[in-house]
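Asks: this is a predicted model, with the sequence first.
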Amino acid sequence: MSTDDSEIVEASSAPLIEHLIELRRRLIWIAVYIIVAFVVCFYFNEEIYLFLAQPFVDVSAKYDQPARMIYTGMHEAFFVYLKISFFAAFCVTFPLISVQIWKFVAPGLYGNEKKAFLPFLIGTPVLFLMGAALAYYLVIPNAWNFFMSFQVGTGSAADVAGVSKEHLAGVLSIELLPTVKEYWSLVMLLILAFGISFQLPILLVLLARVGIVTADGLAAKRKFMVVGAFAFAAIMTPPDPISQIGLGIPILILYEISILFIRLTIKDKSNV
């Protein structure tokens, strides 16, 4: 290999090494954010779990029952608290992680590309938070109300049926006693399902900007989207109608909003 060729190879490898060093720096910052947040969240793990369990507490009060959960394994509660702490740490540090991603990507973008990309970077956590809030404040309470409606012989059921407590003493009593792991799994599943589903406008608008989809094309596939939305909801949520309908309908609404936004802001290149 000649001297000129070796100089060309060294020059081409220099930017790659710089990118790898910059990537390493950003990953270290992200790891520091998550570790620090994890330690703080683990210190407040009970408070975080009580916040997540508030929908169950409210529904239990509606049925005149104490809000009780159990754990059936010696290590179950400990591992649930670990998962909660990591999940909360990731949610808390997500804006900071986004900033580090932006600092790594931004130097390689042109000015117009930065202006186009930045709104999506900001909109992603906002839409995720909106989806998580919908799951927490609306879907989870109604889902637990649905699950607890199958109880037999509890105080609220006796009041509704007008049955005396003396008569209930000889009747089978069926009471919902969720484990901390079951409750956490349900809450995490619904929050993630709704948070990810609310990224649909981001995905569709990005695809429209690069010319892969158009507003008219999305509108023409509306009937397929109806089936797909509820199929996705059936896969991502527990097998109760409240959760599935609660996820399927917002997906369809977001789909229509995306079509309208694309139609108003992005010119269809096929008509040019």
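Replies: In hand now; what should we look at?
Asks: find me whatever residue is spatially closest to Asn142, sequence neighbours aside.
Replies: Sequence neighbours aside, Ile242 is the residue nearest to Asn142 in space, at 4.7 Å (criterion: C-beta to C-beta, 6 or more residues apart in numbering). Heads up, the C-betas are built off the backbone N, CA and C, glycines and all.
Asks: I'd say the one you found and Pro141 touch.
Replies: No - assessed by C-beta atoms under 8 Å, Ile242 is found out of contact with Pro141, at 9.5 Å.
Asks: check what pLDDT the closest residue in space to Arg209 that isn't next to it in sequence gets.
Replies: In space, and not counting its chain neighbours, Arg209 is closest to Ile266: 6.3 Å by C-beta to C-beta, 6+ apart. On pLDDT, Ile266 comes in at 79.
Asks: same deal with Arg25?
Replies: What the model reports for Arg25 is a pLDDT of 93.
Asks: which element is it on?
Replies: Remark: Arg25 resides in helix 3-43, with elements defined by DSSP states H and E.
Asks: what's the spacing between that helix and its chain's center?
Replies: 28 Å (C-alpha atoms, centre = their mean, to the nearest Å).
Asks: same thing with stretch 136-155?
Replies: Put simply, stretch 136-155 sits 22 Å off its chain's centre (C-alpha atoms, centre = their mean).
Asks: can you check stretch 245-255 too?
Replies: With C-alpha atoms, centre = their mean, you get 14 Å for stretch 245-255.
Asks: list the contacts of Glu46.
Replies: By C-beta atoms under 8 Å, 6 or more residues apart in numbering, the contact set of Glu46 is Tyr81.
Asks: in what helix or strand does it lie?
Replies: helix 45-52.
Asks: give me the buried positions along that helix.
Replies: Asn45, Ile48, Tyr49, Leu52 (16 or more other C-beta atoms under 10 Å).
Asks: before we move on, the earlier item: ok, now which ones touch the residue nearest to Asn142?
Replies: Val139, Asn142, Ala143, Asn145, Phe146.
Asks: and Thr179, by the same measure?
Replies: Taking C-beta under 8 Å, 6+ apart, one finds Met69, Ile70, Tyr71, Thr72, Glu76 in contact with Thr179.
Asks: what's the neighbour count on the first one?
Replies: Other residues lying near Met69 total 17 when counted by other C-beta atoms under 10 Å.
Asks: same deal with the third one?
Replies: Around Tyr71 sit 15 other residues, with neighbours defined as other C-beta under 10 Å.
Asks: quick one on the thing from earlier: the helix holding Arg25 packs against which elements?
Replies: Packing partners of helix 3-43 (3 or more C-beta pairs under 8 Å, 6 or more residues apart in numbering; DSSP states H and E): helix 76-105.
Asks: how far out from the middle of the chain is the helix it packs on?
Replies: Helix 76-105 sits 12 Å away from the centroid of its parent chain (C-alpha atoms, centre = their mean).
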